[in-house]
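In: Got a predicted model here, sequence first, then my questions.
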Amino acid sequence: MKLKTKLIHGGIDGDEHTGAVSVPIYQVSTYKQDAIGQHRGFEYSRTGNPTRHACEALIAEIEGGTRGFAFGSGMAAISAIVMLFKAGDHFIVGDDVYGGTYRVLSHVFDRFGIEVTYVNTSHLADIEAAIQDNTKAVFLETPSNPLLKVSDIPAVADLCKDKGLMLIVDNTFMTPYWQNPLQLGADIVTHSATKYLGGHSDVVAGLAVVKDEELGEQLHHVQNSVGGVLGPQDSWILIRGIKTLGIRMQEHEENTRQIVDFLTKRDDVKAVFYPGLKDHPGHDIQTKQSRGFGGMLSFDVGSGERAEQVLSRVKYFTLAESLGAVESLISVPAKMTHASIPAERRAELGISDGLVRISVGLEDIEDLIEDLTQALEG
């Protein structure tokens, strides 16, 4: 089954009981048992719900894993993964991860004894140098948020296997349509499904997929115990969004290519960050491990003041946090998604006040370029 077909017919396709083409929304909390301890696959909706199960089966199939899990948000998914570990365990994490990931690791899980070292995961030597006796896992985003740095998933996976570490990859930017980290050697892949997988700014959700059954049992134990599960209506909305993921990702990327071409020709733009550019440091690796380059880009307009001016002038780009929707979204990471990272650390990473991040939507590309032109020129 090809990927576009799998997006529509993967997992649990329709409803065998009624013939409904769409998986029903099972708005139910508990289930009648035939006898004590004898249920029909479901007993309580925190543990399992048919609609959520269909969503989890779908993401597992399209990511190429053994088992999928749906959570109430991307951060709930990441938190459940961290809960697989114990006090005193050490993580190596990408140095420009999403601000919410930084916040939960540095200001929540630090209270429970989880130790973290942040490194540039696009440099394999930096990862290896950060390994300690108590290191248990490497967590990376590729491309990263917001600088679009690319990490070599197979190379990092080989290092983790050699050192006995778990590799966790946030695949939100690429989605399973362009990139499959489990097939490249990762142990767990996670998504903020709020973004491209939902795709319409109408659902908050998180997904995780594991490579093997044993790890799946462990993660399900955490999911069931902590209870941060995705509700049936949101699960249904997410399934519906995934069905159109292929055609959306192709259009996102085509629009992005044209905007990148427009921005790189402008003298008033200091830098453009996009792995599809041939002079991007991670271009060759991205070409090798992914089938596309995605719909996210960042560019530096020189100062925080100018960035604010640009964002105040745009008409078709919505000033908002989040990404991956049919609408084009625009933000300043230093003031929005990455504000929880200390200013001095942002400066070290290159997340300047003049850095603008765009999630390119599905509007007509001529309208988008005209909008950016008038916003930049004022």
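Out: Good, I have the coordinates. Numbers count the residues shown, from 1 in each chain.

In: could you show me where the helices are in this structure, in order?
Out: 3-9, 50-63, 74-82, 99-107, 124-130, 153-163, 175-178, 213-226, 232-243, 245-264, 283-289, 304-313, 343-349, 365-377 (DSSP state H).

In: In this model Ile259 seems to touch Gly276, though I could be wrong.
Out: No - counting by CB atoms under 8 Å, Gly276 stays clear of Ile259, with 10.8 Å between them. All C-beta atoms are positioned from the backbone trio N, CA, C, and that covers glycine.

In: before we move on, back to that, among the helices of the chain, which gets the worst mean confidence?
Out: Among the helices of the chain, helix 343-349 carries the lowest mean pLDDT, a mean of 84.

In: Now that helix: buried residues?
Out: Using 16 or more other CB atoms under 10 Å as the test for burial, helix 343-349 gives 346, 349.

In: Figure out how far that helix is from the centre of its chain.
Out: The chain centroid and the centroid of helix 343-349 are separated by 23 Å under CA atoms, centre = their mean, to the nearest Å.

In: Likewise for stretch 151-170?
Out: Its chain's C-alpha centre lies 18 Å from the corresponding centre of stretch 151-170 when counted by CA atoms, centre = their mean.

In: just stretch 132-151 next, same as before
Out: When distances are taken as CA atoms, centre = their mean, stretch 132-151 is centred 13 Å away from the chain's centroid.

In: Can you give me the first-to-last residue distance of that stretch?
Out: Using CA to CA, to the nearest Å, one end of stretch 132-151 lies 20 Å from the other.

In: How about stretch 120-138?
Out: End-to-end distance of stretch 120-138: 12 Å, with CA to CA as the criterion.

In: same deal with stretch 300-307?
Out: The straight-line separation of the ends of stretch 300-307 (CA to CA) is 8 Å.

In: mind listing what's buried in it?
Out: Within stretch 300-307, the residues scored as buried using 16+ other CB under 10 Å are 300-301, 306-307.

In: Looking at those, which two lie furthest apart in space?
Out: Among the buried residues of stretch 300-307, the pair separated by the greatest distance (CB to CB) is Asp300 and Arg306, at 9.6 Å.

In: Overlap in contacts, those two.
Out: Residues touching both Asp300 and Arg306 (CB atoms under 8 Å, 6 or more residues apart in numbering): Gly354.

In: Check the helices of the chain for me and report the most buried one.
Out: Comparing these by mean neighbour count (mean count of other CB atoms under 10 Å), helix 175-178 ranks first with a mean of 26.

In: Now Ala77: closest residue in space, sequence neighbours ignored.
Out: Leaving aside its chain neighbours, Ala77 sits nearest to Gly206 (3.2 Å; criterion: CB to CB, 6 or more residues apart in numbering).

In: Is that neighbour in contact with Ala193, as I believe?
Out: Yes - using CB under 8 Å, Gly206 makes contact with Ala193 at a distance of 5.9 Å.

In: Those two: which has the busier surroundings?
Out: Ala193 (32 against 26; other CB atoms under 10 Å).

In: Return the residues in contact with the more buried one.
Out: With contact set as CB under 8 Å, 6+ apart, Ala193 has these partners: 59, 70, 74, 203, 205-207, 238.

In: how about CSV for those residues, with distance to Ser151 added?
Out: Compiled in CSV, the contacts of Ala193 are given as follows (distance: CB to CB, whole Å):
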residue, distance to Ser151
Ile59, 22
Ala70, 26
Gly74, 19
Val203, 28
Ala205, 25
Gly206, 21
Leu207, 20
Leu238, 26
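
In: Just flag the most distant two among those.
Out: Ile59 and Val203 (13.7 Å).

In: Give me the neighbour count for Gly37.
Out: Gly37 has 7 neighbours, counted by other CB under 10 Å.

In: In contact with Tyr26: list those residues for me.
Out: If you count contacts by CB under 8 Å, 6+ apart, Tyr26 has them with 45, 49-51, 232.

In: now, which of those residues sits nearest Arg248?
Out: Thr51 (22.1 Å).

In: Could you report the separation of the closest one from Glu128?
Out: Thr51 is 43 Å from Glu128, where distance means CB to CB, to the nearest Å.
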